[in-house]
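Novice: sequence? don't have it. structure:
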């Protein structure tokens, strides 16, 4: 899982470097796929099964722009100055998955957009303080929600983090909201993906006709940040770190 996480994190970093005006989301997706495959891994998201009646996901990365929260399908959409771009990637190698995401500024963005990106990432770190042996899943959830709402934003409720391992999505669910002291107790050896999804406006979202793309219901901006974590007897280990991989 460390190897899968390392490749996944490097793919996220590569995508982030490519976010600039004039680049298409499909170009980013193609580069992510080439990189993951060059490491002997497979993109976890490519051809991932959709809900009933929806075609499998066609990209290697979910690339969501501005009011798109998650699951944006790569396309010929050209990024422009001021956009914010969320990239969610996964890599599968040796029977295990890595899963991580980040939101990147395209050129110069508004102060509010920059704050949204920063708060979303920091909310992950606030939650990670409770990703420790003896705490419960909702202790992570509560810390994320408190931080996000204290900064004037809202947390998406329709989609949550999850266990990750031999399957991309495994139990337990890891919500980004809720009261502390609930859910499974965290134990050494558990691997979970913690992924705050934060809206500038209201928390409600809607799914587009493609069956994948999720947007904010009110058209406000959204950001996403995620890492895969290993619960230990001490500090949690971030599995989705680049390490000595160069991109």
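Specialist: Yep, that arrived. Nothing here was measured: the structure is a model prediction, and the numbers come from that model. Residues are numbered from 1 along each chain as shown.
Novice: CA atoms for contacts and neighbours, from now on please.
Specialist: Fine.
Novice: Outside of stretch 200-207 itself, list whatever touches it.
Specialist: With CA atoms under 8 Å, 6 or more residues apart in numbering as the test, stretch 200-207 has contacts from 116, 152-158, 213-218, 220-222.
Novice: Need the distance between the two termini of it.
Specialist: Stretch 200-207 stretches 18 Å from its first residue to its last (CA to CA, to the nearest Å).
Novice: average pLDDT across that stretch?
Specialist: Average pLDDT, stretch 200-207: 98.
Novice: Only the buried residues of that stretch, if you could.
Specialist: Neighbour-count burial for stretch 200-207 flags 200-203, 205, 207 (criterion: 16 or more other CA atoms under 10 Å).
Novice: and residue 90, that one's in a strand?
Specialist: Yes - counting by DSSP: H, G, I helix; E, B strand; the rest coil, residue 90 is located in a strand.
Novice: tell me the centre residue of this protein?
Specialist: When CA atoms, centre = their mean is applied to the chain, the residue found nearest the centroid is residue 101 (3.3 Å).
Novice: Confirm for me that that residue is in contact with residue 240.
Specialist: No - Residue 101 lies out of contact with residue 240 (CA atoms under 8 Å); the separation is 9.6 Å.
Novice: Give me the common contacts of these two.
Specialist: residue 227.
Novice: thinking again about what came up before, can you tell me which of the buried residues of stretch 200-207 are in strands?
Specialist: Those of the buried residues of stretch 200-207 mapping onto strands are 205, 207, per DSSP state E.
Novice: ok, so of the buried residues of stretch 200-207, who is nearest residue 35?
Specialist: Comparing the buried residues of stretch 200-207 against residue 35 with CA to CA places residue 207 closest, at 29.5 Å.
Novice: what bridges to the closest one?
Specialist: Taking DSSP bridges as the rule, residue 207 bridges to residue 214.
Novice: returning to what we had before: and the gap between the residue lying closest to the residue nearest to the centre of the chain once chain neighbours are set aside and residue 79?
Specialist: Once flanking residues are discounted, residue 101 sits nearest to residue 88: 4.1 Å by CA to CA, 6 or more residues apart in numbering. Separation of residue 88 from residue 79 (CA to CA): 17 Å.
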